[in-house]
Structure formats: structure tokens, C-alpha cells
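[1] coords below, sequence missing:
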């Protein structure tokens, strides 16, 4: 069992930066792929980025490539999402998630491939 708690969201102007953190409690954090999803009002929750258990592999949705960076610190049981060059269309509730499905194909993009979810943190980008 893993509990995930996101932090770092807030209000920022377009072009600004935020760093989201996802603190995990429980054991075996380093055994999970860690992902970030987001959900804007009236829209489906969408995949943003994922990082492999060791941190060697990452994958991003096209709309954030070159602007967002996912990372993790297994010693601190924490995953991060550094967001630069924020745009109003990045406004959403951001969710951290953990996937145990290490035998599935890489990258895990679908919500059903993730086993644990945080409560989310709001990111609002003003124009």
C-alpha cells in the first residue's frame, strides 16, 4: 500500500514555473513507476509524464515536452514535476500516481495502469 501526497501547486503567470512534489509513504517506493496526470474542468484526466522505477526512463505527453521535467529521489520517497514555461492551458488539478505493473509495456499511459493516486494539487496559470 502506498499513500501519495502532492504539494507545490499554486497560481502563476504565463511563462512562470512551478515545482510539484509527490511524497510517498509506505514501503517499496523504488518499485513503482511514478506518473503525473492532470484534469482540467470539464475534461478527462490526462497523462502528463512518467518516470521508471530507477529514474532511467521518462516519457512525456507532446504538449509538455521541453517544458516539464519529471524526476524522483528514491532515498526521499519523492517524485517531482518541474514545470517551466507554463501556459494557461496547463491549468488543471495535477495528480501523482504509482504503477506496480512493471511487466506491462513501457510507457504506462492509461489511468488503469496506475494503482495508487494522490488527492491532487491545483495549478492555475493566468494569461
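    On my side now, so go ahead. This structure is a prediction, so every number in the text was calculated from the model and none was measured.

[2] Mind listing the residues bridging to the residue nearest the centre of the chain?
    A centroid search over the chain (CA atoms, centre = their mean) returns residue 36, at 2.0 Å, as the residue closest to the centre. Per DSSP bridges, residues listed as beta-bridge partners of residue 36: residue 49, residue 96.

[3] Residue 4 too?
    Beta-bridge partners of residue 4, as defined by DSSP bridges: residue 24.

[4] ok now do the closest residue to residue 68 other than its chain neighbours, which residues does it touch?
    Among residues not flanking residue 68 along the chain, residue 83 sits closest, at 5.1 Å (CB to CB, 6 or more residues apart in numbering). Yep, even glycine has a C-beta here, placed from its N, CA and C like the rest. Residue 83 makes contacts with 17, 18, 19, 20, 64, 67, 68, 90, 123, as judged by CB atoms under 8 Å, 6 or more residues apart in numbering.

[5] What's opposite residue 83 in the beta bridge?
    With DSSP bridges as the rule, residue 83 is bridged to residue 18, residue 68.

[6] what about it, distance to residue 54?
    23 Å (CB to CB, to the nearest Å).
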